[in-house]
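Asker: Pasting the sequence and the predicted model now:
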Amino acid sequence: MKKRMMALVSMALAGAMVLPMAAMAGETEAAAAAADEGKVLNIEVWNEEFKSRITDHYPGYEKTDDTHGKIGDVTVNWIITPNDDNAYQNNLDTVLPGNADASADDKVDMFLIEADYAKKYIDADANVAMPLKDLGITSDNLSKQYKYTQDVVTDANGDLRGTSWQACSAGLIYNRAAAKEVLGTDDPAEVQKAVADWDTYNETAKKMADAGYLMQSTVNDTYRVYSNNVSGPWVQDGKVVIDDNIKKWVDDSKAQVDAKETTTAELWSDDWSKGFYPDGKVFCYFGPAWLINFSMKADDEKSIAAQGGWGLVNGPQGFFWGGTWICAAQGTDNPSLVKDIMLKMTTDDDIMKEIAQKDSDCVNNKEVLKALASDDSGSNKVLGGQNPYQMLADGAEKVDMSNISIYDQGCNEEFQKAMKNYFDGNASYDDALAQFKSAIVEKYPELTTD
């Protein structure tokens, strides 16, 4: 059995997989190829998102129940392990290293990752995600994608080990009513002038506070914007380095908190989301298309979103938030089917457009976004009919992921946690910094902080 699978993988690598001539009409090429491969496709995920994309958009997929489906004669098994308490990563760490030796029906074929921990799983030495070139996926296949989405999953040797259907570039989402009241206009071009850089943004925050508005709901709204624009990685030569842009976030945030222009509420808390409603009196949030479409209570008729009361501009700095990458697991016995899913779900123009229109994803395809930017179907009700696609496309071109590292998630979380004490007046900056350093050394004993 093992020799047969190794032979099949070798054929796929050489691009010489011969599809059975007896494939029935209407059967996908991948399903036909899969007839000579494994009979179970195991996909590791942490939620329903990718499953819904496959169910709705992958040709030939048939749902059998909530966690299973069929592609041709291959059973698709969705293994869902929530992110809570790091459970999803812990599960991957258990099953991926020995995947090549697992029994055929138990082999992981595909798994999904996020940017915050991507480098851990696309590492060349770890070798748990296959290089896409080993599946026969070429740079030409991926030529319409945004560079940053590939940088996230490129290993130290320059090999791509994942691909995404999403381009989660983001911007500043502003309250149109507040803009009219305080700035005299809600026109995106004019609003952008009032938030063009951080110094101008901070001046506008004073005007918003004078009118009874928080500039943004919490200091945590802006953190990702600053952290996406650092000049170097968190860890350099084994030492934790606090970038000047991160320090600027601290200084700007402390000034805003002291001036009561923002709060220190946690993201996703009730206090954070009060500004989704007019009485919450919040001028702006920072986020990508998914935040606009799925998180701002557009299904509640009392919300600003339901009234089409938000607008979108680039804001002080370009950034991204979120995104999901598909990886092929080393040891898969379904290389042809995995390849086909990757190509169809992340490069096919028609499917990309379907996903954008049905699911409101900002898709990872330059040509599709260009078309949507000049199409009436690209207008967004939450944004008062504004078409965000050109802005999101431009933003995706500017995202720089060259400074990400395997330590980003831990460093970002611990830094924000420590600085909250400083912002709330419960610690000096030096004491908060000492708290951060202590937490990092405990979490990553191999690092130094001085």
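Answerer: Noted; the coordinates are in hand.

Asker: Quick check: buried residues in whatever helix or strand A434 lives in?
Answerer: Assigned by DSSP states H and E, A434 belongs to helix 429-443. For helix 429-443, burial by neighbour count (16 or more other C-beta atoms under 10 Å) applies to Y429, A432, L433, Q435, F436, K437, A439, I440. Any C-beta I mention is one placed from the backbone N, CA and C, and that applies to glycine too.

Asker: Now pLDDT and distance to K119 too, for the residues you listed, in TSV please.
Answerer: Formatted as TSV, the buried residues of helix 429-443 follow (pLDDT from 0 to 100; distance: C-beta to C-beta, whole Å):
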residue	pLDDT	distance to K119
Y429	98	30
A432	98	27
L433	98	25
Q435	98	26
F436	98	21
K437	97	22
A439	97	20
I440	97	17
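
Asker: Show me what the helix holding A434 is packed up against.
Answerer: Helices and strands touching helix 429-443, by 3 or more C-beta pairs under 8 Å, 6 or more residues apart in numbering; DSSP states H and E, are helix 408-423.

Asker: circling back: residues in contact with the helix holding A434: which ones?
Answerer: Applying C-beta atoms under 8 Å, 6 or more residues apart in numbering, the set of residues contacting helix 429-443 from outside is 240, 242, 250, 254, 410-411, 414-415, 417-419, 421-422, 427, 447-450.

Asker: change it to 6 Å
Answerer: V240, G410, E414, F415, A418, M419, N421, Y422, T449 (C-beta atoms under 6 Å, 6 or more residues apart in numbering).

Asker: what's the burial count for the third one?
Answerer: Translated: E414. 20 (other C-beta atoms under 10 Å).

Asker: And the closest residue in space to it that isn't next to it in sequence, how close does it get to G410?
Answerer: Of all residues not flanking E414 in the chain, A439 sits nearest, at 4.4 Å (C-beta to C-beta, 6 or more residues apart in numbering). Separation of A439 from G410 (C-beta to C-beta, to the nearest Å): 8 Å.

Asker: got a pLDDT number for M1?
Answerer: Looking at M1, its pLDDT reads 38.

Asker: can you check the one 3 residues further on too?
Answerer: The predicted local distance difference test score for R4 is 35.

Asker: just the one 10 residues further on next, same as before
Answerer: In the predicted model, A14 carries a pLDDT score of 39.

Asker: Same question for K70.
Answerer: pLDDT, K70: 97.

Asker: First-to-last residue distance for stretch 218-232?
Answerer: 25 Å (C-alpha to C-alpha, to the nearest Å).

Asker: Skip the chain neighbours and tell me the closest residue to T263.
Answerer: T263 sits nearest to T218 (C-beta to C-beta, 6+ apart), 5.0 Å away.

Asker: show me what contacts the one you found?
Answerer: So T218 contacts T263, A265, W272 (C-beta under 6 Å, 6+ apart).

Asker: For T149, give me its contacts.
Answerer: Counted by C-beta under 6 Å, 6+ apart, T149 has contacts S164, A167, N364.

Asker: Any idea how many residues pack against the nearest residue to V195 once chain neighbours are set aside?
Answerer: Sequence neighbours aside, Y201 is the residue nearest to V195 in space, at 4.8 Å (criterion: C-beta to C-beta, 6+ apart). Y201 has 22 neighbours, counted by other C-beta under 10 Å.

Asker: Confidence-wise, which helix or strand of this structure is lowest on average?
Answerer: helix 2-13 (a mean of 37; mean pLDDT, DSSP states H and E).

Asker: sorry, back to before: give me the buried entries from the contacts of T149.
Answerer: S164, A167, N364.

Asker: Include distance to D340 when you put these into TSV, please.
Answerer: Shown next, in TSV, are these (distance: C-beta to C-beta, whole Å):
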residue	distance to D340
S164	16
A167	22
N364	17
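
Asker: what's the closest of those to P335?
Answerer: Nearest to P335 among the buried ones among the contacts of T149: S164, at 19.5 Å, using C-beta to C-beta.

Asker: how about that closest one, phi and psi?
Answerer: phi -130, psi 150 (degrees, to the nearest 10).

Asker: Could you pull up the contacting residues of G158?
Answerer: With C-beta under 6 Å, 6+ apart, G158 has no contacts at all.

Asker: May I have the secondary structure class of it?
Answerer: Taking DSSP: H, G, I helix; E, B strand; the rest coil as the rule, one finds G158 in the coil state.

Asker: Tell me where the stretch 151-300 of the chain has strands.
Answerer: 169-175, 214-216, 235-236, 239-240, 282-288 (DSSP state E, counting those that start in this stretch).

Asker: Nearest to E49, out of those strands?
Answerer: The nearest among the strands of the stretch 151-300 of the chain, by C-beta to C-beta, is strand 282-288 at 13.8 Å.

Asker: how distant is the closest one from the center of its chain?
Answerer: 17 Å (C-alpha atoms, centre = their mean, to the nearest Å).

Asker: which other helices and strands contact it?
Answerer: Under the contact criterion of 3 or more C-beta pairs under 6 Å, 6 or more residues apart in numbering; DSSP states H and E, strand 282-288 touches strand 169-175, strand 214-216, helix 219-227.

Asker: could you dump the ones you listed to JSON lines with mean pLDDT, distance to D375 and mean neighbour count?
Answerer: Output for those, formatted as JSON lines (pLDDT from 0 to 100; distance: least, C-beta to C-beta, whole Å; neighbours: other C-beta atoms under 10 Å):
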{"stretch": "strand 169-175", "mean pLDDT": "97", "distance to D375": "19", "mean neighbour count": "27"}
{"stretch": "strand 214-216", "mean pLDDT": "98", "distance to D375": "31", "mean neighbour count": "25"}
{"stretch": "helix 219-227", "mean pLDDT": "97", "distance to D375": "29", "mean neighbour count": "22"}
